[in-house]
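Enquirer: Predicted model and sequence follow; I will ask about them next.
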Amino acid sequence: MVSYGSQEPAEVLLDNDSALYIKPTCVGATSSRLYAVRNLSRLPVNFRWTLRHSDSSVLAVCPCTGVIHPNETQVV
(Lines give C-alpha, C1' and ligand atoms only; values in the text may rest on other atoms or scores of the structure.)
Protein backbone atom coordinates (compact mmCIF):
# COMPACT_ATOMS: atom_id res chain seq x y z
CA MET A 1 0.00 0.00 0.00
CA VAL A 2 1.37 3.38 -1.01
CA SER A 3 0.28 6.58 0.73
CA TYR A 4 0.61 10.02 -0.73
CA GLY A 5 0.33 13.34 0.98
CA SER A 6 0.30 16.91 -0.05
CA GLN A 7 0.65 20.24 1.60
CA GLU A 8 -0.82 23.64 1.09
CA PRO A 9 0.96 26.74 2.35
CA ALA A 10 -1.00 29.14 4.51
CA GLU A 11 -1.92 32.28 2.62
CA VAL A 12 -3.13 35.23 4.67
CA LEU A 13 -3.86 38.69 3.29
CA LEU A 14 -3.69 41.85 5.40
CA ASP A 15 -5.39 45.10 4.33
CA ASN A 16 -3.34 47.97 2.92
CA ASP A 17 -0.82 45.77 1.09
CA SER A 18 0.25 44.20 4.40
CA ALA A 19 1.40 47.54 5.83
CA LEU A 20 0.26 48.77 9.23
CA TYR A 21 -0.25 52.52 9.37
CA ILE A 22 -0.51 54.12 12.80
CA LYS A 23 -1.47 57.78 12.81
CA PRO A 24 0.56 60.15 14.99
CA THR A 25 -0.99 60.47 18.45
CA CYS A 26 -0.38 62.99 21.21
CA VAL A 27 1.38 61.85 24.36
CA GLY A 28 -1.18 60.47 26.82
CA ALA A 29 -3.84 59.96 24.13
CA THR A 30 -4.80 56.72 22.43
CA SER A 31 -5.92 55.84 18.94
CA SER A 32 -7.08 52.62 17.37
CA ARG A 33 -7.26 51.19 13.90
CA LEU A 34 -9.09 48.17 12.50
CA TYR A 35 -7.46 45.89 9.94
CA ALA A 36 -9.03 43.06 7.98
CA VAL A 37 -7.12 39.79 7.80
CA ARG A 38 -8.30 37.20 5.27
CA ASN A 39 -7.40 33.52 5.06
CA LEU A 40 -7.07 32.62 1.37
CA SER A 41 -6.15 29.00 2.19
CA ARG A 42 -8.41 25.95 2.23
CA LEU A 43 -7.39 25.15 5.82
CA PRO A 44 -7.90 27.04 9.10
CA VAL A 45 -4.96 29.23 10.13
CA ASN A 46 -4.00 29.74 13.77
CA PHE A 47 -2.49 33.15 14.42
CA ARG A 48 -0.64 34.88 17.21
CA TRP A 49 0.55 38.49 17.12
CA THR A 50 3.86 39.01 18.84
CA LEU A 51 5.31 42.42 19.58
CA ARG A 52 8.85 43.34 20.41
CA HIS A 53 9.24 44.12 24.09
CA SER A 54 10.12 47.73 23.26
CA ASP A 55 6.83 48.12 21.32
CA SER A 56 4.55 46.38 23.82
CA SER A 57 4.31 49.46 26.05
CA VAL A 58 2.86 51.61 23.25
CA LEU A 59 1.12 49.10 20.96
CA ALA A 60 -1.52 46.40 21.50
CA VAL A 61 -3.32 43.99 19.17
CA CYS A 62 -6.69 42.52 20.07
CA PRO A 63 -7.32 39.66 19.74
CA CYS A 64 -3.70 38.59 19.94
CA THR A 65 -4.47 34.93 19.15
CA GLY A 66 -7.17 33.08 17.29
CA VAL A 67 -8.19 31.03 14.28
CA ILE A 68 -9.21 32.29 10.85
CA HIS A 69 -11.23 29.70 8.96
CA PRO A 70 -10.90 29.05 5.21
CA ASN A 71 -11.94 32.04 3.10
CA GLU A 72 -12.91 33.94 6.25
CA THR A 73 -12.11 37.59 6.92
CA GLN A 74 -11.62 38.82 10.48
CA VAL A 75 -11.30 42.42 11.57
CA VAL A 76 -8.75 42.95 14.34
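Expert: The structure has been received and is ready for your questions. Numbering: from 1, shown residues only.
Enquirer: From here on, just use CA atoms for contacts and neighbour counts.
Expert: Noted.
Enquirer: What does the pLDDT read for Val67?
Expert: Looking at Val67, its pLDDT stands at 95.
Enquirer: Low-confidence ranges, this structure, go.
Expert: The model of the chain has no residue with pLDDT under 70.
Enquirer: how about a cut-off of 90?
Expert: Under the criterion pLDDT under 90, the flagged ranges of the chain are 1-35, 47, 49, 51, 54-64, 75-76.
Enquirer: That one: strands as residue ranges?
Expert: Ranges of strands in the chain, per DSSP state E, are 12-14, 36-39, 45-48, 65-68, 73-75.
Enquirer: now the ones you listed in TSV, with mean neighbour count and distance to Val58?
Expert: Output for the strands of the chain, formatted as TSV (neighbours: other CA atoms under 10 Å; distance: least, CA to CA, whole Å):
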stretch	mean neighbour count	distance to Val58
strand 12-14	16	21
strand 36-39	18	21
strand 45-48	13	18
strand 65-68	14	19
strand 73-75	15	21
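Enquirer: so which of those comes closest to Ser6?
Expert: Checking the strands of the chain against Ser6 by CA to CA gives strand 45-48 as the closest, at 16.8 Å.
Enquirer: All set, thanks.
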